[in-house]
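Asks: one predicted model, sequence on top.
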Amino acid sequence: MSDDHEHFSGTGRLLTGVAWAVLLLGLWLWGRQVTDVRQGMAAPTTGDMAAVGRPPDAELPPAARPLRDALPQRIDIPGLGVQAPVVTRGLDAQGAVDPPPFDQAGVVGWYGAGVKPGAAGAALMVGHVDTETRPAVFYKLSVLRPGETIRVARDDGKVADFTVDDVQVLTRDRFDARRAYAQRESGRAELRLITCGGTFDRASRTYTANVIVSAYLTGTGTGL
């Protein structure tokens, strides 16, 4: 995601007052960030509005009991062929999560002040959709479908297995931070993967939407 910043909603760690307001502002601003895709690169089109969401006949497994806190180390998305290291990121001055360095577009960022993947609440991971010259780690994020698996290896030796239950493409004019990032069901361990989506508008130099994949913990393994 060229020069974009991903953003965080502090679900699972109660945020109130000014802190919550700043984070919501940062989330809203993310959808309006200016990007810098060089001329000659085909701007990605991600997040087919007609194709995302939960199929009416989707049968999803029950939620597993949340795990204890542990730091994420790697993420594996078999359906996308993604195997990427995870690094801890913080907020910038605008309340946006600083994504991984731009020259490390194959790395996924986790908001370190929030929920740890596998623990109760909604953990947030962000990734670039592109660089100035090539696709990045979350370029194909919008093609995930409910029922697919996301695995997060943790520093306690466990692998948290998440099942995708929703894929949303939220346009800038309909962006709702609480709906996008708030915990869906109390007591569950949930995960959000976020990147830019829609199409790249060269006139305004912005993406038209955000891709948000929601998943919840359904099992635990070892090794990745």
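Replies: Cool, the structure landed.
Asks: any idea how far the residue most central in space within the chain lies from Ala180?
Replies: Centroid-nearest residue in the chain: Leu193, 1.8 Å away (criterion: C-alpha atoms, centre = their mean). As for Leu193, its distance to Ala180 is 12 Å (criterion: C-beta to C-beta, to the nearest Å). C-betas here are computed from N, CA, C, even on glycine.
Asks: shared neighbours of these two, anything?
Replies: Common contacts of Leu193 and Ala180, defined by C-beta atoms under 8 Å, 6 or more residues apart in numbering, comprise Ile212.
Asks: list the helices and strands the longest strand along the chain packs on?
Replies: In the chain, taking DSSP state E as the definition, the longest strand is strand 206-222. Judged by 3 or more C-beta pairs under 8 Å, 6 or more residues apart in numbering; DSSP states H and E, strand 206-222 is in contact with strand 149-154, strand 158-171, helix 177-181, strand 189-201.
Asks: show me where this structure has its strands.
Replies: Along the chain, counting by DSSP E, strands occupy 6-7, 72-77, 82-89, 96-97, 108-111, 121-126, 149-154, 158-171, 189-201, 206-222.
Asks: closest to Tyr139 out of those strands?
Replies: Comparing these against Tyr139 with C-beta to C-beta, the closest turns out to be strand 189-201 (7.9 Å).
Asks: okay, buried residues for the closest one please.
Replies: Neighbour-count burial for strand 189-201, counted by 16 or more other C-beta atoms under 10 Å, picks out Ala189, Glu190, Leu191, Arg192, Leu193, Ile194, Thr195, Cys196, Gly197, Gly198, Phe200.
Asks: and it with strand 121-126, angle?
Replies: Strand 189-201 and strand 121-126 are oriented at 30 degrees to each other (axes from the mean of the first three to the mean of the last three C-alpha atoms, to 10 degrees).
Asks: ok, the closest residue to Ile77 other than its chain neighbours to Ser214 distance?
Replies: Using C-beta to C-beta, 6 or more residues apart in numbering and skipping the chain neighbours, the partner closest in space to Ile77 is Ile150 (5.4 Å). Distance, Ile150 to Ser214, using C-beta to C-beta: 10 Å.
Asks: what's the overlap in contacts for the two?
Replies: Val164, Leu191.
Asks: any low-confidence regions in the chain?
Replies: Under the criterion pLDDT under 70, the flagged ranges of the chain are 1-58, 94, 96, 175, 179, 205-206, 224.
Asks: mind redoing it with 90?
Replies: By pLDDT under 90, the low-scoring segments of the chain are 1-59, 90-105, 128-135, 168-184, 194-210, 221-224.
Asks: brilliant, that's me finished.
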